[in-house]
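> any chance you could fold what I've pasted below:
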Amino acid sequence: MSKAKFSTTWSDMIKDVRKLVKNRIAWIQEINTQGHYYYGENDSLPNEIIEAINNSGTATACANRLRQFIVADGFKDQYTGLLKANKNQTWDELLSEGIGENETKLDGFALQIFFKNNGMFHSAKSIPITWIRRCSDDTFEINPLMGEYGKRESETFNLREFDPSEDINDRRARVVEETIKNKGKQKGELLYCYRKKLGRNYEFYPVPSFYSGIDDIISDGKISRLELRNIMQGWRTPIVISTGHIDNENSHRDENGDDLGITDLDIFNESITEFLGEDAAPVLHLQGRTPEEMPKVTTIDIKEMVDMTEKGTIRLGEKVCRLFEVPRVLMGFAQAGQLGNVQEVKNMMDLFYITIVNRQNWITSKLNLLKPLMEDSEAIDFEISKLNPLTLIPDSVIARLSDLELKELFEIPKLENEPIPGIPNIEPEQVQAVEVNETMTNLTGRQRQGLKRVVREFNKGDINEKQAIIELTAAYGFTEQQAIDYLDIIIEDDGDNNPS
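Below is the predicted model of the structure:
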């Protein structure tokens, strides 16, 4: 490479680095152009965040785990969950497919609200945050390809921001006028929900907390590409080849004297290329015309590179978990020595549960803004069901805990009789000194979670005694008496020495 070409290449690299650094910080600068506020320097920040998550296996898994807990089993009230939010989705489906997805990855969500002719609520559908840009204090632009190449301005439309305090008569008049103007179609209004933060321009768009470590998320995806590169190269030991000058000017000729257009350097490079890749040749053959011209091959130990890749994968994975505030034990990163610290695991799970509940309550508070406009609103309850993080610790992690650690982690009290082995997922008040069938000692983590679910549903009154007993006897090998004792059901005598 010539000196001039090298200088140009190095200059371009420096510009790329400066651009990369600038992109990490410049998006908070206020830019008002083309009728809306830019969401990032290139108006593509949310798209870049989604791309970074999708390219990172750990970030994707963390986001899915977060959404699993935030959405849980849907709305606690079954009537609300099954109620139609729009013609294609129930409120449970809207929570899972729209609200949960946006809240998990971008710390916010948006709903397009439609109204009846009387100004009351009619339906709602989710609008991805990546589609939305703010035009003014009360207007938004919507386009499916906002911030991306190929965006068609003809597909852009404006939505008014939903104002829950607006007079019902004013809204009714506007809805009727808009419907007539658009030949029977209504544009609706946008309920745009996110947490405003301190910082210049932070009040305009949601900013995920994990964005402060977005480079770690990107690196997690890049290290997977490094693994792929090593596989594609057949895990060959890296080598350094030292040679003297190789002719790159004089072409070889065929037996007729015709120029083949191939130099010695071309032949040399072709030999190297054949040695690389999944289907590479097993032997590298390099020739020299004299002993002085013989190439010298120096091998580099691949073990160190493999070890660094493995350690880097774990280190970056744990950092991504921390950025998403997901306990690493739920992602399978906890090591055997760390699992011994039961109090640390419990504290980690408790903090995670508090975070999830806070996010659920925030979603509920935003959806409650719609209730005054909903008919039969007294029957609607937007409280979201809860999942206990302890019930979803992976089986592989549970299997590495001792009986004593399991009892401490799940707060199982010491029994007067012989302890029940292998049943961590039960509350202290639910533990009874009973004779347990041998099959219980072989229950998997998932079966233990199911066992706890039966007890929880029985205690809440979601299932009756007969249903609970049937589930325990049919699915977990209990006898009827063991199921009764386990559920702490008191069978009263009806006076004729027959249980009622």
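> quick one: the strands in this protein, in order.
Taking DSSP state E, the strands of the chain run over residues 32-33, 36-37, 108-115, 121-126, 132-134, 139-142, 157-161, 189-194, 239-242, 296-299.
> of these, which approaches residue 455 most closely?
Evaluated over the strands of the chain, closeness to residue 455 peaks at strand 108-115, with 34.1 Å, by C-beta to C-beta. The C-beta positions use only the backbone N, C-alpha and C, and glycine is treated the same way.
> with just CA atoms, put that closest one into PDB.
The C-alpha trace of strand 108-115 is given here as PDB (Å, rounded to 0.1, in the frame of the first residue of the first chain):
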ATOM      1  CA  GLY A 108     -42.400   3.200  26.500                       C
ATOM      2  CA  PHE A 109     -45.400   2.400  24.300                       C
ATOM      3  CA  ALA A 110     -47.900   4.200  22.100                       C
ATOM      4  CA  LEU A 111     -51.600   3.500  21.400                       C
ATOM      5  CA  GLN A 112     -53.700   4.800  18.600                       C
ATOM      6  CA  ILE A 113     -57.000   5.600  20.100                       C
ATOM      7  CA  PHE A 114     -60.300   5.600  18.200                       C
ATOM      8  CA  PHE A 115     -63.600   7.000  19.400                       C
END
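> output the contacting helices and strands for that strand.
Applying 3 or more C-beta pairs under 8 Å, 6 or more residues apart in numbering; DSSP states H and E, we find strand 108-115 packed against helix 100-106, strand 121-126, helix 168-181, strand 189-194.
> distance check, residue 91 against residue 375.
15 Å (C-beta to C-beta, to the nearest Å).
> let me have the strands of the chain in JSON lines, extended by distance to residue 473, mean pLDDT and mean neighbour count.
Output for those, formatted as JSON lines (distance: least, C-beta to C-beta, whole Å; pLDDT from 0 to 100; neighbours: other C-beta atoms under 10 Å):
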{"stretch": "strand 32-33", "distance to residue 473": "68", "mean pLDDT": "54", "mean neighbour count": "10"}
{"stretch": "strand 36-37", "distance to residue 473": "62", "mean pLDDT": "80", "mean neighbour count": "20"}
{"stretch": "strand 108-115", "distance to residue 473": "44", "mean pLDDT": "96", "mean neighbour count": "22"}
{"stretch": "strand 121-126", "distance to residue 473": "43", "mean pLDDT": "95", "mean neighbour count": "19"}
{"stretch": "strand 132-134", "distance to residue 473": "53", "mean pLDDT": "92", "mean neighbour count": "21"}
{"stretch": "strand 139-142", "distance to residue 473": "55", "mean pLDDT": "92", "mean neighbour count": "18"}
{"stretch": "strand 157-161", "distance to residue 473": "56", "mean pLDDT": "92", "mean neighbour count": "15"}
{"stretch": "strand 189-194", "distance to residue 473": "47", "mean pLDDT": "95", "mean neighbour count": "22"}
{"stretch": "strand 239-242", "distance to residue 473": "66", "mean pLDDT": "74", "mean neighbour count": "11"}
{"stretch": "strand 296-299", "distance to residue 473": "65", "mean pLDDT": "73", "mean neighbour count": "10"}
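> possible to save these as JSON lines with distance to residue 206?
As requested, the strands of the chain are exported to JSON lines (distance: least, C-beta to C-beta, whole Å):
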{"stretch": "strand 32-33", "distance to residue 206": "19"}
{"stretch": "strand 36-37", "distance to residue 206": "13"}
{"stretch": "strand 108-115", "distance to residue 206": "4"}
{"stretch": "strand 121-126", "distance to residue 206": "14"}
{"stretch": "strand 132-134", "distance to residue 206": "10"}
{"stretch": "strand 139-142", "distance to residue 206": "13"}
{"stretch": "strand 157-161", "distance to residue 206": "15"}
{"stretch": "strand 189-194", "distance to residue 206": "3"}
{"stretch": "strand 239-242", "distance to residue 206": "49"}
{"stretch": "strand 296-299", "distance to residue 206": "51"}
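> just tell me which of those ends up closest to residue 328.
Checking those against residue 328 by C-beta to C-beta gives strand 108-115 as the closest, at 25.5 Å.
> closest to residue 326 out of the helices and strands packed on strand 108-115?
Among the helices and strands packed on strand 108-115, helix 100-106 comes nearest to residue 326, with 10.4 Å by C-beta to C-beta.
> helices and strands around that closest one, which ones?
helix 45-54, helix 57-71, strand 108-115.
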